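Visitor: Predicted model and sequence below, questions to follow.
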Amino acid sequence: QVQLVESGGGLVQAGGSLRLSCAASGRTISSYGMGWFRQAPGKEREFVAAIVWSGVYQYYTDSVKGRFAISRDNAKNTVYLQMSSLKLEDSAVYYCAADWRPYYLGSYSRTQDFGSWGQGTQVTVSS
């Protein structure tokens, strides 16, 4: 089982930027797709972005397209989420997740696509 630890969250003003990191341990993630989800108080966990194991394809929810970018460094066993032009509605706990299927090249958007989760990191966007 892979362990995932998120970092990089914090308080930022609207329009600002943050980069989240997700460090994996226990096994390599180079063969697995990785994703980011978020959950705001009182709301369900929602898909934000995902990247396939090779890094060739990325997927985003519509509300973050053009503002967020997911990337991975397999040599460091780490996945990143660069967030720019942050809005108040981006405030949430952000979770990193790892797919349970190696070498999967299909699309991502569901929590069921992922079998391992981190503890989350809080992102708060202020006006």
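Guide: Everything's here; your move.

Visitor: I figured G33 hits G55, correct?
Guide: No: applying C-beta atoms under 8 Å as the test, G33 and G55 come out as separate, 9.8 Å apart. Just so you know, the C-beta spots here come from the backbone N, C-alpha and C atoms, and that holds for glycine as well.

Visitor: Now do the top strand by length along the chain, average pLDDT.
Guide: Across the chain, the longest stretch assigned as strand under DSSP state E is strand 92-102. Strand 92-102 shows an average pLDDT of 97 in the prediction.

Visitor: Who are the packing partners of it?
Guide: Judged by 3 or more C-beta pairs under 8 Å, 6 or more residues apart in numbering; DSSP states H and E, strand 92-102 is in contact with strand 3-7, strand 18-25, strand 32-39, strand 114-117, strand 121-126.

Visitor: So G33 and G55 - more neighbours on which side?
Guide: G33 (29 against 16; other C-beta atoms under 10 Å).

Visitor: for the residue nearest to the more buried one when sequence neighbours are not counted, what are its contacts?
Guide: The shortest distance from G33 to any non-neighbouring residue, by C-beta to C-beta, 6 or more residues apart in numbering, is to D99 (3.9 Å). By C-beta atoms under 8 Å, 6 or more residues apart in numbering, the residues touching D99 are Y32, G33, M34, G35, W53, Y108, D113, F114, G115.

Visitor: Got the confidence number for the first one?
Guide: On the pLDDT scale, Y32 is placed at 97.

Visitor: wait, what's in contact with it?
Guide: Applying C-beta under 8 Å, 6+ apart, the residues near Y32 are V2, W53, A98, D99, W100, R101, P102, Y104.

Visitor: Also the fourth one?
Guide: For G35, the contact set (C-beta under 8 Å, 6+ apart) comprises 47-51, 70, 96-99, 108, 113-114.
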